[in-house]
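Asker: Sequence and predicted model, in that order:
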Amino acid sequence: MKKVIKNDVSFFVSDAKQFEFFWDNVFSNHWEDFTFNILDYYLHPDKNYLDIGAWIGPTVLYAANKAKHTFSIEPDPVAFAELQKNMEMNTSIAHKITLINKALSYQSGTKKLYKREHFGDSSSSLIPTLSDDFHTVSVSTLKEVLKEFLIEDLSLIKMDIEGGEYLLVPSMRSYLKKYKPAFYLSLHPNFLKSYMLKECSSEKEREKTFRKRVKKLVKSLKMYEYIYDSSFHRIDQNDFLDLLLTINEPVEFLFTSTPLNTTNK
């Protein structure tokens, strides 16, 4: 067991060898500062938080110190086992965390969760990229999970699912339009493009499919008036599609129905 500290929050985590470097060298060294600024900004003791793609729990354990309740979704069997161990080490907040060992997608049932290099390394995905090795996982829609776990009053949804977002986000459109929770989204165009190398027979087909997926995702988020990048710069909705079509590396955006007061970030 080891104690880790981020901003004004501390919690305990397992000292498992596989994740030692992350906790000792990555997490403590300005890892995803924008993410934690967003958590600080939106999480409140009277509102809930949904973490889609929780991995081993860095954002989950942090959020549980600030939100009313944290719902954490993680399908990777190695990551989920570590997430569960980490939660159980923090008895003061464990009752404020619900762990959900499944994936979210546009339809329920079971799907193949593919590793990229190793299961548990935060890069497993519902779309195959570097490897065809997979683990079969349970899959639900957002609507089903919200109903099953009685999830409501969300002040923030975070999604980081390694390329699966291009299929999942459009299926969430009606919910996002109705409730408009702040939505923090990680996009992985490199994962989608790797997948299309396997699925599309020509460069022309790949470009057409990529553009179609991106356009559908952008259309699904039209209900949000404000879009911010990781430097807290506002992005005009009219420019968003063109921007996404030029990005090749993972990138994060915040979608919200009210302007962000960056003086309080």
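Answerer: That came through, no problem.
Asker: Give me the distance between the two termini of stretch 125-145.
Answerer: With CA to CA, to the nearest Å as the measure, stretch 125-145 spans 19 Å from end to end.
Asker: If you count neighbours, what's buried in that stretch?
Answerer: Within stretch 125-145, the residues that count as buried by 16 or more other CB atoms under 10 Å are 125-129, 134, 137, 139-142, 145. The C-beta positions use only the backbone N, C-alpha and C, and glycine is treated the same way.
Asker: how far is it from where the chain is centred?
Answerer: The offset between the C-alpha centroid of stretch 125-145 and the centroid of the whole chain comes to 14 Å, using CA atoms, centre = their mean, to the nearest Å.
Asker: Which two of the buried residues of stretch 125-145 have the greatest separation?
Answerer: Of all pairs drawn from those, the one with the longest distance (CB to CB) is Thr129 and Val145, at 25.0 Å.
Asker: Can you tell me which of the buried residues of stretch 125-145 is nearest Asp33?
Answerer: The nearest one, if we look at the buried residues of stretch 125-145 relative to Asp33 and count by CB to CB, is Ser125, at 24.5 Å.
Asker: ok, the closest one - contacts?
Answerer: Under the criterion of CB atoms under 8 Å, 6 or more residues apart in numbering, the contact list for Ser125 reads 113-114, 116, 161-164, 188, 191.
Asker: for Asp51, same thing?
Answerer: Applying CB under 8 Å, 6+ apart, the residues contacting Asp51 are 59-60, 63, 70-73, 158.
Asker: Quick check: nearest residue in space to Pro259, chain neighbours excluded?
Answerer: Spatial nearest neighbour of Pro259, excluding adjacent residues (CB to CB, 6 or more residues apart in numbering): Tyr226 at 5.7 Å.
Asker: Now do the contacts for Lys222.
Answerer: Counting by CB under 8 Å, 6+ apart, Lys222 makes contact with Gln237.
Asker: Just the contacts of Asp51: which are in strands?
Answerer: Using DSSP state E, the members of these that fall within strands are 70-73, 158.
Asker: ok, of those residues, which one's closest to Trp55?
Answerer: Relative to Trp55, the closest of the ones in strands among the contacts of Asp51 is Ser72; by CB to CB it sits at 9.3 Å.
Asker: Tell me how far the closest one lies from Lys178.
Answerer: Ser72 sits 23 Å away from Lys178 when distances are taken as CB to CB, to the nearest Å.
Asker: thinking again about what came up before, so what's the residue count around the residue nearest to Pro259?
Answerer: 15 (other CB atoms under 10 Å).
Asker: now swap in Ile56 and tell me
Answerer: Residues contacting Ile56 under the criterion other CB under 10 Å number 26.
Asker: Show the contacting residues for it.
Answerer: Ile56 sits next to 13, 19, 22, 79, 82-83, 86, 120, 122 when contact means CB under 8 Å, 6+ apart.
Asker: if I've got this straight, it is in a strand?
Answerer: No: secondary structure of Ile56 (DSSP: H, G, I helix; E, B strand; the rest coil): coil, not part of a strand.
Asker: Got the phi and psi for it?
Answerer: Backbone torsions for Ile56, taken as degrees, to the nearest 10, come to phi -90, psi 0.
Asker: Show the pLDDT at it.
Answerer: Looking at Ile56, its pLDDT reads 98.
Asker: any idea how far it is from Ala67?
Answerer: Separation of Ile56 from Ala67 (CB to CB) stands at 18 Å.
Asker: now swap in Phe22 and tell me
Answerer: Distance check for Phe22 against Ala67: by CB to CB, it reads 23 Å.
Asker: Same check on Ser105?
Answerer: Summarising the geometry, the distance separating Ser105 from Ala67, computed by CB to CB, is 25 Å.
Asker: How about Phe27?
Answerer: 19 Å.
Asker: show me where this protein has strands.
Answerer: Assigned by DSSP E, the strands in the chain fall at 2-6, 9-13, 48-52, 69-73, 97-100, 103-104, 109-114, 134-140, 154-159, 182-187, 226-228, 251-256.
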